[in-house]
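Asker: A structural model of the following input is requested.
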Amino acid sequence: MNRKQVAIPSFKIEDKTGKKTAKDFHSHLGYEIVWVKHGEAKFIFEEKVYHVKKDQVLFFKSTEFHKVRLLEDQVYERVVIMFTDDFLLSNQPILSKFRQLLDDLPVPHCLLHLFMWRKGPFRHIMDKLLREYNDIHSWGQKSALELYLAELLLYLSREIHTSFEPHPSQNTLPKNERVELQERILKEINVIWCTNWQLEELAEKLHFNKYYLCHFFKKEFGMTIHQYILQRRIYEAKKMLIDTKISINDLAQQVGFSTASNFIRCFKKYVNMTPKQYRDEKISNGL
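Answerer: Okay, here's the model as predicted:
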């Protein structure tokens, strides 16, 4: 969870080679499109894990609870696009169709493989977006970016239709046992994250030694199970503070904290403001 409040741009595209990524699970407004040009990265959602490799494209709703985990000693070159609903001011109908396609999938994220015969058109669109975005003196830049982004969304939407059946097992390439194990652990944790859970009980459900479970989780996801659950609780609390009028005391209980004071302390540590301040700020901004 980001500890600082970061302003999300309405549109941004970057060709990145560095290995700097968000340390914790996080979420924000809008959508992300990630094209891996070289290397590999692990994208972890609530109950899905994608090992995204060269010539694969992952796109998803950024409001989803997610984290990127990089492999050690490996180059990771990618193009990342971030945009929000309000960027396409001309109300391009393709945005509505793209959003609906994601909503209709079992999970609001999708992985595509750019086979040789598909790579050319996709790369052409991405190159246009990168050139236009980086040319700050380009006349009509905003309109051009809108047009090229709409073209990209059309491309991705057609790929969803032609490449995938609406079933979770067909949203990715065939899984190996390690990915299946990662997802099985996440599914079990996502059942108990808001309860007074015990590590021993969780390990027993998964038929693991508790020490092995802790070691495996830390190695695969870059954090402890306790850290993951805390970040999940803060994520859910932020949504409830915006979407409901529930009291802070009741909210703390619903997301698994023993006391409201403990919830307020943890929330402030991760978000840099109290739950009340967060709710008031979002209401004043019309969110």
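Asker: give me the element the closest residue to residue 255 other than its chain neighbours is part of.
Answerer: Leaving out its chain neighbours, the residue that sits closest to residue 255 by Cβ to Cβ, 6 or more residues apart in numbering is residue 233, at 4.5 Å. Bear in mind the C-beta positions are built from the backbone N, C-alpha and C, glycine included. Using DSSP states H and E, residue 233 sits in helix 225-243.
Asker: What mean pLDDT does that helix get?
Answerer: Average pLDDT, helix 225-243: 95.
Asker: what's it in contact with?
Answerer: By Cβ atoms under 8 Å, 6 or more residues apart in numbering, the list of residues contacting helix 225-243 from outside reads 1, 24-27, 46, 65, 189-190, 193-194, 197, 199, 202, 213-214, 217, 221, 223, 246, 251-252, 254-257, 263, 266-267, 270-271, 275, 278-279, 282-283, 287.
Asker: and what of stretch 52-66?
Answerer: 8, 25-46, 50, 82, 102, 108-115, 119, 122, 156, 231-232, 235.
Asker: do that again at 6 Å, thanks
Answerer: Stretch 52-66 has contacts (Cβ atoms under 6 Å, 6 or more residues apart in numbering) with 25, 27-28, 30-36, 38, 40-41, 43, 45-46, 50, 108-114, 235.
Asker: Narrow those residues to those that are buried.
Answerer: By neighbour count, with 16 or more other Cβ atoms under 10 Å, the contacts of stretch 52-66 hold 25, 27-28, 30-36, 41, 43, 45-46, 50, 108-114, 235 as buried.
Asker: Let's see which of those residues end up in helices.
Answerer: Among those, the ones falling in helices (DSSP state H) are residue 235.
Asker: low-scoring stretches of the stretch 51-200 of the chain, by residue?
Answerer: 89-91, 116-117, 163-175 (pLDDT under 70).
Asker: Which parts of it are helices?
Answerer: Here the stretch 51-200 of the chain has its helices, by DSSP state H, counting those that start in this stretch, at 93-104, 116-134, 141-163, 177-192, 199-206.
Asker: How many residues are close by the closest residue to residue 42 other than its chain neighbours?
Answerer: Of all residues not flanking residue 42 in the chain, residue 69 sits nearest, at 4.2 Å (Cβ to Cβ, 6+ apart). For residue 69, the neighbour count with other Cβ atoms under 10 Å is 16.
Asker: Next: residue 234.
Answerer: Applying other Cβ under 10 Å, we find 22 residues neighbouring residue 234.
Asker: ok, it to residue 276 distance?
Answerer: Separation of residue 234 from residue 276 (Cβ to Cβ, to the nearest Å) stands at 15 Å.
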